[in-house]
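> Here's a sequence, model it:
(chains A, B, C and D)
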Number of protein chains: 2
Amino acid sequence: MLLSTKGDYGVRAMIDLAKHEGEGPVQRAEIAKRRQIPESYLDHLLAQLRRAGFVRSVRGPGGGHLLAKPAEEICLLHLLEALEGSLAPLQCLDNHEPGSEAICGQEWVWQEIYDDMRRKLAAVSLAALAEHEREHERTAVVNYSI
Amino acid sequence: MLLSTKGDYGVRAMIDLAKHEGEGPVQRAEIAKRRQIPESYLDHLLAQLRRAGFVRSVRGPGGGHLLAKPAEEICLLHLLEALEGSLAPLQCLDNHEPGSEAICGQEWVWQEIYDDMRRKLAAVSLAALAEHEREHERTAVVNYSI
DNA sequence: ACAATGTCGACTGAATTAGTCGTGAATACC
DNA sequence: GGTATTCACGACTAATTCAGTCGACATTGT
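Residues are numbered from 1 along each chain as shown, chains lettered A, B, ... in the order given. Reported below is the predicted structural model:
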């Protein structure tokens, strides 16, 4: 598994914030409930996202969490790297020690896969993720209502 | 990290066997030394590869390990799946529980990446990996000898 | 018989994941 | 100023996996 629940949960939370962009702070409890994330764990993820500069938080009544920058300017690649660390599929593609590739023998296969992946993840913005979800909800409603 | 050292070591060992295809059994100690794998750990990996039908082993003096089928017929995808289990980058792409994708929100991005990856890994045979290494050694020697 | 080799299972230490909990800090509202 | 609400942060824990080590045993060539 390339991503742990950390990355999954973290992105879910960010999508939630993106969908409420411009509506003021969203509370942790709301996110946790809507996205099925243990609230006390979400706490840690939000802290991580805040430290990485993706989230701004407001304390006190009516407080909550907001995107620290527009959803268009946040891409999935940076988000996941903040949550998971490197997404390198293989050790020797991450720590570029000389010689580690020479003995690994499969790094030439993975390098291309890794590069493609990063390109694709960089091309997906948080705004696109939120929009995709809205689209999906709409068609789901249509399907059910027929 | 998508692959642990298990997958890395396992593939290294298989490349070693492929490079000695047709030369009789290769001993564990040799593989371990050449590929820089702890011998006692390699033991487990060979057992796993044997159970998966990729390796045949011979006991007694002069014994060792061989490919159970031609290197051309073994692809990197099947090898890695035997060693690592599913290569799915994300939980919801692995266990297809209905609804897990609905709430994940990023599975549509990963599905394409995952499919591409599997296609590429399926197209690389163990023979190609061994050949690539021979090629690389040859150019390395040329470079040094200039 | 004996030495070389693989087979197998028990055990271990470290790291990571996936949380829980409690205390404290900021702030809106009365 | 007091209180309720909400986030902030660190300590703690349980489960899992990884990465290995070790020892007893099985097989087989000489």
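
> mind checking the longest helix of chain A?
Scanning chain A for the helix with the most residues, using DSSP state H, yields helix A:126-145.

> Identify the residues contacting the residue of chain A found nearest DNA strand C.
Nearest residue of chain A to DNA strand C (C-beta to the nearest atom of the strand) works out as A:G60 at 2.8 Å. To be clear about C-beta, it is placed using only N, CA and C from the backbone, and glycine gets the same treatment. Listed by C-beta atoms under 8 Å, 6 or more residues apart in numbering or on different chains, A:G60 has no contact partners.

> And the pLDDT at it?
On pLDDT, A:G60 comes in at 97.

> again with the one 4 residues further on
A:G64 is assigned a pLDDT of 98 by the prediction.

> Can you tell me which residues in chain A are near DNA strand C?
A:4-6, A:38-41, A:43-44, A:58-63, A:84 (C-beta under 7 Å from any atom of the strand).

> among the residues you listed, which are in helices?
Reading helices off these with DSSP H, I get A:5-6, A:39-41, A:43-44, A:84.

> Just the buried ones from these?
The neighbour count (16 or more other C-beta atoms under 10 Å in any protein chain shown) marks A:6, A:84 as buried among those.

> Where do the strands of chain A begin and end?
Ranges of strands in chain A, per DSSP state E, are A:55-58, A:64-67.

> Now do the closest residue to DNA strand D within chain A: how many residues are near it, please.
Closest approach of chain A to DNA strand D (C-beta to the nearest atom of the strand) occurs at A:S57, with a separation of 3.2 Å. By other C-beta atoms under 10 Å in any protein chain shown, 15 other residues sit near A:S57.

> residue contacts, the spatially closest residue to it that is not a sequence neighbour?
Spatial nearest neighbour of A:S57, excluding adjacent residues (C-beta to C-beta, 6 or more residues apart in numbering or on different chains): A:H65 at 5.0 Å. Counting by C-beta under 8 Å, 6+ apart, A:H65 touches A:17, A:25-28, A:31, A:46, A:50, A:55-58.

> Could you do A:L17 as well?
A:26, A:31, A:55, A:65-67.

> do A:L79 as well
Contacts of A:L79 by C-beta under 8 Å, 6+ apart are A:10-11, A:14, A:49, A:54, A:126.

> What about those residues, which one has the most neighbours?
Highest neighbour count within the contacts of A:L79, by other C-beta under 10 Å: A:M14, with 30 neighbours.

> in chain A, which segments are predicted with low confidence?
Within chain A, the ranges that satisfy pLDDT under 70 run A:96-99, A:142-146.
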